[in-house]
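A.B. asks: let me see the structure of the following:
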Amino acid sequence: MEYEFLYDRDSRRYRLSLASEQAALQHFLMDEFEHNKASYQQLITALRALTAYQEWQFFGREYSLLVQRQEVRICHNTLLSSEQFQLPELLEDADLQLDEHLLESECGLADLLLLLQAWQDFLSN
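C.D. replies: Presented below is the predicted three-dimensional model:
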């Protein structure tokens, strides 16, 4: 997975830039966890604890992360079918905006953990 970390000195903002096919992942990380190094730790800890065949879900405000057999799917909450997943009541009533270009990304769990660790290290600088 290709990525670039940037820091804008004028605005004092950190920015994560991923390839276009990973746009949903980029938005998930920026929208759910922002630029706070500590906010990523709980996600990293949960992902590292998964076994090879264990499934896990993280439901965010606009995007959700689903892990199945060491494969990660980030998708906009509008894609989640109530038949496949149990959505929290907050998501069922949420006013979500749909952007077709940012709906879904996939990657391996190992790649995501490497990205998260590198991003967390960059935020500490």
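
A.B. asks: tell me which residues of the longest helix along the chain are tucked away?
C.D. replies: Longest helix of the chain, by residue count under DSSP state H: helix 109-123. By neighbour count, with 16 or more other CB atoms under 10 Å as the criterion, the buried positions of helix 109-123 are 109, 112-113, 115-116, 119-120, 123. To be clear about C-beta, it is placed using only N, CA and C from the backbone, and glycine gets the same treatment.

A.B. asks: quick check, pLDDT for the nearest residue to A52 once chain neighbours are set aside.
C.D. replies: Sequence neighbours aside, Q70 is the residue nearest to A52 in space, at 6.0 Å (criterion: CB to CB, 6 or more residues apart in numbering). For Q70, the pLDDT comes out at 95.

A.B. asks: wait, Q70 sits on C107?
C.D. replies: No: the criterion here is CB atoms under 8 Å, and Q70 misses it with C107 at 10.4 Å.

A.B. asks: between these two, who's got more neighbours?
C.D. replies: C107 (18 against 14; other CB atoms under 10 Å).

A.B. asks: can you confirm the more buried one is in a strand?
C.D. replies: Yes: applying DSSP: H, G, I helix; E, B strand; the rest coil, one finds C107 inside a strand.

A.B. asks: alright, I will stop here.
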